[in-house]
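Peer 1: sequence and predicted model, in that order:
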Amino acid sequence: MKRLAALVAAILALSACGSSEPTAVPESPEATVAIATPTVKATVLPTASALATDSTPVATPAPVAVAPTPAVITGGDGPTGDLARVSADWATDFSTRTIDLGELRIGIQMIPIRDRIRPIDNPEFAPASEAGWSDPEPGLLLVVGETARFYPLAMLIVHEIVNDEIEGRPVLVTYCPLCNSALVFDPVVDAQRLRFGTSGLLRNSDLVMWDDATESLWQQIGGEGLVGTYAGHRLEVIPSAIVSWGDFKAGYPDGVVLAPPGRPASSYGRNPYVQYTSRSAPIPGFFDSTILDDRYPALERTVGVTVDGHDKAYPFSVVQAVGALNDTVAGVPVVVLWSPGTADALDSSDTAGGVDVGAALAFDRRVDGEELEFAAADGGRFTDDRTGSMWNVLGQAIEGELAGTRLDPVVHTNEFWFAWAAFHPNGEVFGP
């Protein structure tokens, strides 16, 4: 009975890193070992980025400038304590790293921890016209070439990683519920396509991934190799955005949506992090409270724009107040657009039933080399100051002289404020 009770407690604690996947529970209790990591109530707690647009087929995004490569540490002691226990059978080279191993937290509370939150490795898609998601359902929008895809957060909450390919180009789709960070990367490193999975570890409450070629550990936010052969490398970001199903269908009627992998669509949509966004701070066991930046509420959504290695944050509350925020980042004129209609996937028990937090996307506001100024109009639409054309939040001109034109994206994310501030301690923050 004691053994059974320990197993039940461990299963309940599994949601601490975000899996609502029923089959993630190990089949054999004999293969399970409980780990002494922070426990949370399963019903309460857990666990980018721009949009390709243009009236003609969109070219494959060019490589994006990244931050300077961090210093790589070699030698020294390997993992100790519980980290040593959970990684005992890993081939990861812990002697090569860019971080102190003490920064890694154990998010999964049963051994084995890797891929217990199971990625989707061979995704299938259905036409948008055949899918039954409700309009407020949030999801990740990815456009490569002539293909537009929607990955519902209801499914990404369960799997966190999708190893995908679009028009012959490998893509790595990722989502961390604890940070509300959705990012897409090119998984090809040194001419080798890597398969990524969830390591079961967290850093600054964010997903730490692993690759199956070298078993290196990678940070989701920023795409940095943390530990192992690829420590110091950075994955190339592929522009994406979090939008509503309704906006996706309207902007990309010929698009496709991620199909359930061997299970009914009705099995998705349950949010295991009910009222997570009502918290005043991230989970203490997964985040160092001494580095919490109190300039904005910890779980306020934030648009994090990156241009030529320069990072700048735009809290949702600031953008929502004006609807269209015109600015310049690293010499590039940008606009951040906010429109209502996207649900908070981490609020209610239903991912589509959360409060309306809207969608915020960032673009280069130049068209044919000429800068435009944007202003909010009625119905979540926008107008430009040169032609008065009407635009939607996806950066598409839908009426007027520029109808059919699409703004070029700038890389941006929508993570929570605490996460953006932790990973960009020297970043700039827009102030009204």
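Peer 2: Yes, it's here. Since the model is a prediction, treat every value here as computed from it, not as a measurement.

Peer 1: give the bridge partners for the residue minimising distance to the centre of the chain, please.
Peer 2: What sits nearest the mean C-alpha location of the chain, by C-alpha atoms, centre = their mean, is residue 182, with 1.4 Å. Counting by DSSP bridges, residue 182 forms beta bridges with residue 175.

Peer 1: distance of it from residue 214?
Peer 2: From residue 182 across to residue 214, the span is 25 Å (C-beta to C-beta, to the nearest Å). Every residue, glycine included, has its C-beta placed from N, CA and C.

Peer 1: that older thread, thought the residue nearest to the centre of the chain was touching residue 413?
Peer 2: Yes. Applying C-beta atoms under 8 Å, one finds residue 182 in contact with residue 413, separated by 7.4 Å.

Peer 1: residues touching the residue nearest to residue 145 when sequence neighbours are not counted, list them.
Peer 2: Leaving aside its chain neighbours, residue 145 sits nearest to residue 167 (4.3 Å; criterion: C-beta to C-beta, 6 or more residues apart in numbering). Residues near residue 167 by C-beta atoms under 8 Å, 6 or more residues apart in numbering: 60, 144, 145, 146, 147.

Peer 1: ramachandran angles for residue 167?
Peer 2: phi 50, psi 40 (degrees, to the nearest 10).

Peer 1: now do it against residue 136, distance only.
Peer 2: 29 Å.

Peer 1: burial measure for residue 370, as a count.
Peer 2: 9 (other C-beta atoms under 10 Å).

Peer 1: leaving out chain neighbours, which residue sits closest to it?
Peer 2: Leaving aside its sequence neighbours, residue 370 sits nearest to residue 386 (C-beta to C-beta, 6+ apart; 6.8 Å).

Peer 1: now do the helices in the stretch 51-200 of the chain.
Peer 2: 81-86, 153-159 (DSSP state H, counting those that start in this stretch).

Peer 1: most neighbours per residue, which of those helices?
Peer 2: Burial of those is given as mean neighbour count (mean count of other C-beta atoms under 10 Å); helix 153-159 ranks first at a mean of 26.

Peer 1: alpha carbons only: can I get it in PDB?
Peer 2: C-alpha atoms of helix 153-159 as PDB (Å, rounded to 0.1, in the frame of the first residue of the first chain):
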ATOM      1  CA  LEU A 153      -2.200  25.100 -27.800                       C
ATOM      2  CA  ALA A 154      -4.700  22.500 -26.600                       C
ATOM      3  CA  MET A 155      -2.500  19.900 -28.200                       C
ATOM      4  CA  LEU A 156       0.900  21.600 -27.600                       C
ATOM      5  CA  ILE A 157       0.100  21.700 -23.900                       C
ATOM      6  CA  VAL A 158       0.000  17.900 -24.000                       C
ATOM      7  CA  HIS A 159       3.000  17.300 -26.200                       C
END
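
Peer 1: make 54 the starting number, not 1.
Peer 2: I'll keep to 54 as the first residue from here, and by that count the last item is helix 206-212.

Peer 1: roughly how far is that helix from the heart of the chain?
Peer 2: 11 Å (C-alpha atoms, centre = their mean, to the nearest Å).

Peer 1: so what secondary structure elements neighbour that helix?
Peer 2: strand 191-197, strand 222-229 (3 or more C-beta pairs under 8 Å, 6 or more residues apart in numbering; DSSP states H and E).

Peer 1: quick one: the helices of the stretch 104-253 of the chain as JSON lines, columns for mean pLDDT and distance to residue 175 too.
Peer 2: Listed next are the helices of the stretch 104-253 of the chain as JSON lines, based on pLDDT from 0 to 100; distance: least, C-beta to C-beta, whole Å:
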{"stretch": "helix 134-139", "mean pLDDT": "95", "distance to residue 175": "27"}
{"stretch": "helix 206-212", "mean pLDDT": "97", "distance to residue 175": "12"}
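
Peer 1: including distance to residue 303, could the ones you listed go into CSV?
Peer 2: What follows is the helices of the stretch 104-253 of the chain, written out as CSV (distance: least, C-beta to C-beta, whole Å):
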stretch, distance to residue 303
helix 134-139, 45
helix 206-212, 18
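
Peer 1: so how far is residue 296 from the residue nearest to residue 198?
Peer 2: In terms of C-beta to C-beta, residue 220 sits 21 Å off from residue 296.

Peer 1: please tell me the pLDDT value assigned to the nearest residue to residue 405 once chain neighbours are set aside.
Peer 2: Leaving out its chain neighbours, the residue that sits closest to residue 405 by C-beta to C-beta, 6+ apart is residue 190, at 4.2 Å. Predicted confidence (pLDDT) for residue 190: 98.

Peer 1: okay, now residue 190: neighbour count?
Peer 2: Other residues close to residue 190 by other C-beta under 10 Å number 27.

Peer 1: what distance do you get for it to residue 404?
Peer 2: 7 Å.

Peer 1: what sits in contact with each of these two?
Peer 2: Counting by C-beta under 8 Å, 6+ apart, the common neighbours of residue 190 and residue 404 are 205, 206, 207, 396.

Peer 1: what's the closest of these to residue 479?
Peer 2: Among these, residue 206 lies closest to residue 479 (C-beta to C-beta), at 29.6 Å.

Peer 1: deepest of the helices and strands packed on helix 206-212, which one?
Peer 2: Buried most deeply of the helices and strands packed on helix 206-212, by mean count of other C-beta under 10 Å, is strand 191-197, with a mean of 27.

Peer 1: packing partners of it?
Peer 2: Using 3+ C-beta pairs under 8 Å, 6+ apart, strand 191-197 is in contact with strand 200-205, helix 206-212, strand 222-229, strand 234-239, strand 294-297, helix 298-304.

Peer 1: give me the contacts around the fourth one.
Peer 2: Okay, so that is strand 234-239. So strand 234-239 is contacted by 101-102, 193, 195, 206, 209, 222-228, 259-260, 273-274, 276, 288-293, 295, 466-469, 472 (C-beta under 8 Å, 6+ apart).

Peer 1: any idea which helix or strand carries the closest residue to residue 249 other than its chain neighbours?
Peer 2: Leaving aside its chain neighbours, residue 249 sits nearest to residue 262 (4.8 Å; criterion: C-beta to C-beta, 6+ apart). Assessed by DSSP states H and E, residue 262 sits inside strand 259-264.

Peer 1: check residue 451 too.
Peer 2: strand 450-452.
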